[in-house]
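Colleague: here is the input, now give the coordinates:
(one chain, ligands or ions: 1)
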Amino acid sequence: MEEFYIDSDGIRLHAKLDKAEGVDKGPLCILIHGFTGHMEEDHIIAAQKAMNDAGVAVLRVEMYGHGKSGGEFRNHTLYKWVTNALSVVNYAKTLDFVTDLYLCGHSQGGLLTMLIGGMCPDTFKAILPLSPAWMIPDGAREGSLLGINFDPKHIPEELESWNGPLSGDYVRVAQTIHPEEEIERFEGPVLIVQGDADDTVLLHYAEKAQKLYKNAKFVPIHGADHCFTKHLDEMAAAIRDYFTA
Ligand code: FER
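Modeller: I've put the predicted structure just below:
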C-alpha cells in the first residue's frame, strides 16, 4: 500500500493505492466513499479487497471535507467533489502501470461516479455505483434532505446533518444537478450493487438507473442495508465476479 496526497486546485486529497498481487501492469479502479464517509469504512475496504482479488489495483481517495483530506465537512458541495474527482482521474491517467481505468463510489460517491461517468464518457472501461444516492438532487429541489424538510426557494444558512452542520450551499449546488443527463451520456458498462433493505436510498433508484443506462447490470443484495452491514461478502462477490467475468 502507498499513501500520499493528490492536489486538487490547492486542496490536498488523501489517497491510498493498493496494487493487486503479482500484477505489474493492469487495470485501476478509483474508489470513493459516501457522505460523512472515509476510505477505511468496512464496505470500502471490502470493495477494495474484492477488486484486488480480481487483479485490479485500487486508488481510494477521500473527497473535500472528508477523512484526512483538506476542507471542512460543513463546506463540501457536489461541485467540489466533482472538481476533486476530475483531479483524481487526471492523476490516474498519468500512472504508467495502468491499462484500463474504472470508477467506483458508494452512495454520494456513487452519485459522483454517475456524474463523472457522464462527463468523461470515454475514460472508463466501466463504472460501478454502489447504493448510488442519486435522489439527492431531487431531494434538494423538493426541500427534503437528511430527514429535514425546508423551503427549496428559501434555503437555510445551515442544515444539521448526522455529522454536524452543513452549509446551505450544499443544497444550492445539488439543486442544479441532473443525474439523468449524465446517465444518458455514459454508454459503457455499469455495475450497480445495492441492498434491498437499504432505507437511506430507496431501491427504486437503482432499478430506475439500471433501466436508464444503456448497458447496466444491477445486483440487489438480499437483506443488506445501505452500507452492506453483515452482507459485505455478497457485495464483494458481486464486484469480484464482475471483474473476473
Ligand atoms: C440524504 C440521504 C443520503 C442526503 C445524503 C445522503 C445530503 C447520502 C448518503 C451517503 O452518501 O451515504 O438526504 O442528504
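Colleague: now the strands for this protein?
Modeller: For the chain, strands defined by DSSP state E occupy the ranges 2-8, 11-18, 26-32, 57-61, 98-106, 126-130, 144-145, 148-149, 158-161, 164-167, 190-195, 216-221.
Colleague: mean pLDDT and distance to Ala50 for those - can I get that in a markdown table?
Modeller: Heads up, the C-betas are built off the backbone N, CA and C, glycines and all. Converted to a markdown table, these look like this (pLDDT from 0 to 100; distance: least, Cβ to Cβ, whole Å):
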| stretch | mean pLDDT | distance to Ala50 |
| --- | --- | --- |
| strand 2-8 | 99 | 20 |
| strand 11-18 | 98 | 11 |
| strand 26-32 | 99 | 10 |
| strand 57-61 | 99 | 9 |
| strand 98-106 | 99 | 10 |
| strand 126-130 | 99 | 10 |
| strand 144-145 | 98 | 31 |
| strand 148-149 | 96 | 35 |
| strand 158-161 | 95 | 29 |
| strand 164-167 | 97 | 31 |
| strand 190-195 | 99 | 10 |
| strand 216-221 | 98 | 12 |
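Colleague: among the ones you listed, which is the most enclosed?
Modeller: strand 126-130 (a mean of 29; mean count of other Cβ atoms under 10 Å).
Colleague: hmm, back to that, between the strands of the chain, which one is nearest to the ligand?
Modeller: strand 144-145 (3.8 Å; Cβ to the nearest ligand atom).
Colleague: how about the strands of the chain in TSV, adding distance to the ligand?
Modeller: TSV is the format used below for the strands of the chain (distance: least, Cβ to the nearest ligand atom, whole Å):
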stretch	distance to the ligand
strand 2-8	19
strand 11-18	17
strand 26-32	10
strand 57-61	15
strand 98-106	7
strand 126-130	10
strand 144-145	4
strand 148-149	8
strand 158-161	7
strand 164-167	7
strand 190-195	12
strand 216-221	16
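Colleague: closest one to Thr229 among those strands?
Modeller: Closest approach to Thr229 among the strands of the chain (Cβ to Cβ): strand 190-195, 8.6 Å.
Colleague: show me which helix runs longest in this structure.
Modeller: helix 78-93 (DSSP state H).
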